[in-house]
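S.K.: Here is my input; please provide its structure:
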Amino acid sequence: MRKAVEFALAAACLLVPQSAGAQTVTNMPVLKGLAPVTVLSKTYAGRAALGANLSVTGGIQTGAIRQPTLLPFAEQQGQALRDAFITDGNLSQLADGLGTTLGAAYQARAHYNDRERFTNVSPAVADLIAYTNATTGADSNSGKYFFANLTTDGKAAVSEEAKAILSGNGGAPDPFGRAYHKPGGGPGADAYGDSRPFQTEPSVLPIVGPDYFGAPAGNLVYNQGPISDLTDSPSYPSGHTTYGYMGSILLAVLVPERYPEMMARGAEYGNDRIIMGAHYAMDVLGGRTLATYDLAHLLANDPAYLGRTLKGAPAIGDYRAVVQAARADIVKAMETGCGNPIATCAREDIGRFADAAANEAFAASTQTYGLPVVYPQNANRLEDVNAIAPEAGNLLTAAFPALSLEEANRILTETEGPGGGFLDDGSAFGVYSRLNLYAASKRAAALAVEKEKPKG
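M.R.: Okay, here's the model as predicted:
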């Protein structure tokens, strides 16, 4: 337990403002991949996207834009408030995506006793979560200050190599502060840049109710203190969304029978940050893309992602092997808890993720948030994942090993969401912004079943 608590405290620190060192080998491609946001103000299409980002965010937050959320809007606001606390030590809050029965079995083993103490399914699961969260969290945090004011922590300048990203693309920091007339350090703005929606939107709808621990709370106290103060925490990309998709993809890989539902949970978690007034749609899309990109490289056992010394996490030299060990522990614990094979328990769901059509509609609504096309050359065509980002297929083969990497990449290509978005600039990172893992996982599961049928 004590070791688990240490993981919780260290991992949680990755998602709040903190000092950072020089950019790491994994930070750099993420920063470059997220950098198209810095040139949006230079083109008509980019400025239209920035304008839509503000209006769509405000419409979702106030309820003026009616989304196909999995709960009625008032209830979804309550869920958003509960999701403000991050259970990154054991992913407990995300486990409702596993369904009524499996979710309960998971949370019986992995739960938070209070804001600092928690339990986990097993040491292997704890190690896997800690290392994955430390990886994605570090990349997310490096982006916040980089895009706000070209620093690592608000004050210390980034490396010359990092500066070259913006000198190379002609971009400028603080894209949201500049676009929404709240430049960093100005009155009512984030001290460093990229002020958040609660600082730039004309109005923010209050949310009041119980938080994750049942304590009376509201979006004000989670946005501007005293529980959490994001006033001087740059907006882009969303750290909560990065965590939400990191955890949802990880649980999907560990329990592939619930892969689509876990993708719906990830979409909900990110969207809840907009409802809270804490993030823009672009922040959420950036966090989702970052987490998906990092998970693919981890699952591919990319040497750059292995054996790293990360705060609060044990070094992992073979990520796929740890995934296999964690899956064995998860299956054992879940089957013991639910009393049946995991496949049987996975079908037992009377919660908000029980309706496949509703899950699909909601996930689709968050794919681009309806933001305008910025790169029209990619808008009306599929981009070949196998050619551009072949490691992406590991997001499916890790869950459905009957598939080859080429088959997985073909599925990812065929199920891509709309192209040409603000990150879809033709790069290997950009194509991850188009991946629709909800649709892809359903097709992958069907192909795996077909391939596993006896021949003859």
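
S.K.: For Leu81, list the residues it contacts.
M.R.: 207, 209-211, 217-219, 222, 276 (Cβ atoms under 8 Å, 6 or more residues apart in numbering). From N, CA and C alone the C-beta is placed, and that goes for glycine too.

S.K.: Please identify which pair of those lies farthest apart.
M.R.: Within the contacts of Leu81, Pro210 and Met276 form the most distant pair, 14.5 Å apart (Cβ to Cβ).

S.K.: can I get the contacts of Leu81 in a markdown table with pLDDT and secondary structure?
M.R.: Formatted as a markdown table, the contacts of Leu81 follow (pLDDT from 0 to 100; DSSP: H, G, I helix; E, B strand; the rest coil):
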| residue | pLDDT | secondary structure |
| --- | --- | --- |
| Ile207 | 98 | coil |
| Gly209 | 98 | strand |
| Pro210 | 98 | strand |
| Asp211 | 98 | coil |
| Ala217 | 98 | strand |
| Gly218 | 98 | strand |
| Asn219 | 98 | helix |
| Tyr222 | 98 | helix |
| Met276 | 98 | coil |
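
S.K.: Most neighbours of all those, which one?
M.R.: Ranked by the number of neighbours (other Cβ atoms under 10 Å), the contacts of Leu81 place Met276 first, at 27 neighbours.

S.K.: Tell me the spacing between that residue and Ala35.
M.R.: From Met276 over to Ala35 the distance is 26 Å, taken as Cβ to Cβ, to the nearest Å.

S.K.: and if you look at Gly244?
M.R.: Distance from Gly244 to Ala35, counting by Cβ to Cβ: 23 Å.

S.K.: Show me which of these two is the more surrounded one.
M.R.: Neighbour totals were compared for Gly244 and Ala35, and Gly244 leads with 30 against 22 (other Cβ under 10 Å).

S.K.: That one reaches Gly270, doesn't it?
M.R.: Yes - the criterion here is Cβ atoms under 8 Å, and Gly244 meets it with Gly270 at 5.4 Å.

S.K.: list the residues that contact both of these two?
M.R.: Here Gly244 and Gly270 have Gly287 as joint contacts, going by Cβ under 8 Å, 6+ apart.

S.K.: for this structure, what spans make up the strands?
M.R.: In the chain, the strands defined using DSSP state E lie at 208-210, 216-218.

S.K.: elements contacting the first one?
M.R.: This points to strand 208-210. In terms of contacts (3 or more Cβ pairs under 8 Å, 6 or more residues apart in numbering; DSSP states H and E), strand 208-210 is packed against helix 73-82, strand 216-218.

S.K.: most tightly surrounded among the ones you listed?
M.R.: Compared across those, helix 73-82 shows the largest average neighbour count, a mean of 18 (mean count of other Cβ atoms under 10 Å).

S.K.: Report the mean per-residue pLDDT for the longest helix belonging to the chain.
M.R.: Counting residues, the longest helix found in the chain (DSSP state H) is helix 123-149. Helix 123-149 shows a mean pLDDT of 97.

S.K.: Apart from its chain neighbours, what residue comes closest to Gln67?
M.R.: Ser365 (5.6 Å; Cβ to Cβ, 6 or more residues apart in numbering).

S.K.: pLDDT value on the one you found, please?
M.R.: Looking at Ser365, its pLDDT is 98.

S.K.: Can you get me a residue count around it?
M.R.: Ser365 is flanked by 17 other residues according to other Cβ under 10 Å.

S.K.: any idea how far Thr57 is from it?
M.R.: Ser365 sits 14 Å away from Thr57, going by Cβ to Cβ.

S.K.: one step back: let me have the contacts of Leu81 in TSV, adding distance to Pro341 as columns.
M.R.: TSV is the format used below for the contacts of Leu81 (distance: Cβ to Cβ, whole Å):
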residue	distance to Pro341
Ile207	40
Gly209	38
Pro210	35
Asp211	36
Ala217	39
Gly218	43
Asn219	41
Tyr222	40
Met276	38
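
S.K.: Tell me the one of those nearest Leu40?
M.R.: Nearest to Leu40 among the contacts of Leu81, counting by Cβ to Cβ, is Met276 at 23.7 Å.

S.K.: how about that closest one, what does it touch?
M.R.: Going by Cβ under 8 Å, 6+ apart, Met276 touches 61, 80-81, 84, 207, 219, 222-223.

S.K.: switch to 6 Å and redo it
M.R.: 80, 219 (Cβ atoms under 6 Å, 6 or more residues apart in numbering).

S.K.: Now the phi/psi pair for it, please.
M.R.: The phi/psi pair for Met276 (degrees, to the nearest 10) reads phi -70, psi -20.

S.K.: List the residues that contact Gly46.
M.R.: Gly46 makes contacts with 40, 374, as judged by Cβ under 6 Å, 6+ apart.

S.K.: Revised request: answer the last question for Ala408.
M.R.: 393, 396-397.

S.K.: taking those one by one, which sit in helices?
M.R.: Using DSSP H, the contacts of Ala408 in helices are 396-397.

S.K.: and which of the contacts of Ala408 is nearest to Thr200?
M.R.: Leu396 (37.9 Å).

S.K.: The closest one: neighbouring residues, count only.
M.R.: Neighbour count of Leu396, defined by other Cβ under 10 Å: 30.

S.K.: what's the spacing between the closest residue to it other than its chain neighbours and Leu447?
M.R.: In space, Leu396 comes closest to Ala408 once its chain neighbours are excluded; the distance is 3.9 Å by Cβ to Cβ, 6+ apart. To Leu447, Ala408 is 9 Å away according to Cβ to Cβ.

S.K.: Return every residue with contacts to both of those two.
M.R.: Listed as contacting both Ala408 and Leu447 by Cβ under 6 Å, 6+ apart is no residue at all.

S.K.: can I get the strands of the chain in TSV with distance to Ile342?
M.R.: Formatted as TSV, the strands of the chain follow (distance: least, Cβ to Cβ, whole Å):
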stretch	distance to Ile342
strand 208-210	32
strand 216-218	35
